[in-house]
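here is the input, now give the coordinates:
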Amino acid sequence: MIRNLLLALAVIVLCLLGATLIGSEYRLKRKYVVAASPVSAESDSASVSRGGHLYQSIGCATCHGSDGGGALYLDAGAIGLAVGTNLTRGRGGVGNGRTDNDFVRAIRHGVRPDGSSLILMPSEVYVHLTDEDLGAILGYLRELPPVDRELPATHLRLLGRALLATGKLPLLAAPKTPPFARPAGVSPGPTAAYGRYLADIASCRSCHGSNLAGRPMAAPGAPPSTNLTPTGLSGWSEQDFFTAMREGRR
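Alright, predicted model coming up:
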């Protein structure tokens, strides 16, 4: 009796494991057809400088390292390992093997050269980059000095695969990225239009909500994000806002 019960439990466990692996593998290997609008790397010094500023300020350096050489930025235990790719031409890097269009597809659409989805790439934000700014970022990437840094690839462990297979862990970039609509060009400056553009490409809405009025955070016990509308920032001066943004202080 006990032997039969254990055998049945073993069969159930194996079936669940099989379903987890098959379901997660299907999602990881699924190919996405995207029509990437061509953008070329800019090579003039002003554009490369602009690209470097954007790389450091909109989150690229957080995952790929300040030198572009990649970084292991999250070990989530049983869920998996998150690693930013080495983007340079050094050993372990992809700089020599990626065309401008490959980078555009990754940044704007969240897909690899083979059409499968990247993991944890914020393409749903970067899809809003103008051609000019995206070309500047590409120019900066092309100018990065080679960094010899070989890293493991981002991968999901068993719990991560189970959560992905059941739709509980939306880590794939391509399915979350909206269809590309060419953004209107906007000149840098202290204007509402440019501020809206920066909020779109710098992930401000990811934490503060689509209307920037704040929202509950996913982490248990975490306070809601700040309401950034005039109601929420009533009593703040411009300098107060600068201090919060640049120094992380109230």
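
which residues pair with A71 across the strands?
G84 (DSSP bridges).

if I look at it, how far off is E124?
Using C-beta to C-beta, to the nearest Å, one gets 21 Å for the distance from A71 to E124. The C-beta positions use only the backbone N, C-alpha and C, and glycine is treated the same way.

show me what contacts the closest residue to K176 other than its chain neighbours?
Distances taken as C-beta to C-beta, 6 or more residues apart in numbering put E124 closest to K176, at 4.8 Å, once the chain neighbours are dropped. Residues near E124 by C-beta atoms under 8 Å, 6 or more residues apart in numbering: G110, A173, K176, T177, P178.

do that again at 7 Å, thanks
Residues in contact with E124 (C-beta atoms under 7 Å, 6 or more residues apart in numbering) are K176, T177, P178.

go on, F241?
F241 is in contact with L233, counting by C-beta under 7 Å, 6+ apart.

how close does the nearest residue to H109 once chain neighbours are set aside sit to I107?
Using C-beta to C-beta, 6+ apart and skipping the chain neighbours, the partner closest in space to H109 is V34 (4.3 Å). Using C-beta to C-beta, V34 is found at 12 Å from I107.

neighbour-wise, which of these two wins?
I107 (24 against 17; other C-beta atoms under 10 Å).

can you confirm S206 is in a helix?
Yes - S206 forms part of a helix when assessed by DSSP: H, G, I helix; E, B strand; the rest coil.

distance of it from W236?
Counting by C-beta to C-beta, the gap from S206 to W236 is 21 Å.
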